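Trainee: Predicted model and sequence follow; I will ask about them next.
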Amino acid sequence: MLTLEEILLVSADRVASCRVEVQLDLDEVIARFENVGFSRKEVLFAMSELIGEKFAALPDMPKLH
């Protein structure tokens, strides 16, 4: 079983690289939903809920409230 410290420890360099890649797709996703009439706030809430649900199922992820 992983300790909380091991769970929360991630490489800052890998997070930065991942963020760059996610940002490219994220801009396209947000624009696509805005183009069909959803507000940025609606997109934010929907994506936040989906991400929370998706990662909550992983056994080694901390539960964030």
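Mentor: It's in.
Trainee: neighbours of Val43, just the number please.
Mentor: For Val43, the number of neighbouring residues by other Cβ atoms under 10 Å comes to 17. C-beta: built from backbone N, CA, C; applies to glycine.
Trainee: That one reaches Ala31, doesn't it?
Mentor: No: taking contacts as Cβ atoms under 8 Å, Val43 lies outside contact range of Ala31: 9.7 Å.
Trainee: Any idea how many residues pack against Asp27?
Mentor: Neighbours around Asp27, by other Cβ under 10 Å: 10.
Trainee: now it: how far from Val36?
Mentor: Asp27 sits 16 Å away from Val36, going by Cβ to Cβ, to the nearest Å.
Trainee: element containing the nearest residue to Glu42 once chain neighbours are set aside, please.
Mentor: Nearest residue to Glu42, sequence neighbours excluded (Cβ to Cβ, 6 or more residues apart in numbering): Phe33, at 7.7 Å. Phe33 belongs to helix 12-35 when assigned by DSSP states H and E.
Trainee: Now do that helix: which elements does it pack against?
Mentor: helix 40-56 (3 or more Cβ pairs under 8 Å, 6 or more residues apart in numbering; DSSP states H and E).
Trainee: centre of the chain versus the helix it packs on, how much separation?
Mentor: Distance of helix 40-56 from the chain centroid (Cα atoms, centre = their mean, to the nearest Å) equals 8 Å.
Trainee: give the contact list for Ala46.
Mentor: Counting by Cβ atoms under 8 Å, 6 or more residues apart in numbering, Ala46 makes contact with Phe38.
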